[in-house]
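In: dropping a prediction and its sequence here:
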Amino acid sequence: MFDLRDLYQEVILDHNKRPRNFGQLEEPERSAEGYNPLCGDKLTLQLGLKGDVICEVAFTGSGCAISKASASLMTESVKGKTLAEVRTLSARFQEMVTADAEIEPDTDTLGKLSVFAGVRAYPARVKCAVLAWHTLQAAIEAKNKVATTE
Ligand code: ZN
């Protein structure tokens, strides 16, 4: 049986060191900023759309390892998906990180994102993990304000 907590540490370290889709798009269709005042994590997310499919995604920002790794993994997970699929994924992710420890993550839907179930052992860091998803929602809804985790 694989240890989710070891895998969690490994994924956080890897994505923090080598964040995927880190940078800026030349012509983003949507963008949003996110801020987690509890930890000081800041994030700018940009999306390129083709119809209702996210064809390009990039982020920049500064923050703790968890917020950065979560943003990195989020961008990997949403690329090529429709906005409807991404909304479902976002909802599942947020359910997972706030669920009771004994509830198994929905790995069929969440795939690699399931490792973030590990953050449940550190309740103070849950907001670091969901920041990227809050920001993504803001970008999708094209809200013209900073998304916060509060
Ligand atoms: Zn943080």
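Out: On my side now, so go ahead. Numbering: from 1, shown residues only.
In: report the distance from the helix or strand bottoming out on mean pLDDT in the chain to the chain centre.
Out: Ranking every helix and strand in the chain by mean pLDDT, DSSP states H and E puts strand 147-148 at the bottom, with a mean of 81. In terms of C-alpha atoms, centre = their mean, to the nearest Å, the centre of strand 147-148 is found 13 Å from the chain centre.
In: quick check, it touching the ion?
Out: No - Strand 147-148 does not reach the ion (C-beta under 5 Å from the ion); its nearest approach is 12.7 Å. All C-beta spots, glycine's among them, are computed from the backbone N, C-alpha and C.
In: right, and the helix or strand after the one helix or strand A84 maps to?
Out: When secondary structure is defined using DSSP states H and E, the element that contains A84 is helix 83-98. Using DSSP H and E, the next helix or strand after helix 83-98 towards the C-terminus is helix 107-110.
In: didn't I54 look like it was pressed against E76?
Out: No - using C-beta atoms under 8 Å, I54 is not in contact with E76; the gap is 11.4 Å.
In: higher neighbour count, the two?
Out: Neighbour count, other C-beta atoms under 10 Å: between I54 and E76, I54 has more, with 23 against 17.
In: picking up where we left off before, what does the least confident helix or strand of the chain contact?
Out: By C-beta atoms under 8 Å, 6 or more residues apart in numbering, the surrounding residues in contact with strand 147-148 are A32, E33, G34, Y35, N36, P37, L131, H134, T135, Q137, A138.
In: which of those sit farthest apart?
Out: Spatial extent of the contacts of strand 147-148 (C-beta to C-beta) is set by the pair P37 and Q137 at 17.7 Å.
In: and the helix holding A84, what's buried?
Out: Of all the residues in helix 83-98, those buried under the rule 16 or more other C-beta atoms under 10 Å are L83, E85, V86, L89, S90, R92, F93, Q94, M96, V97.
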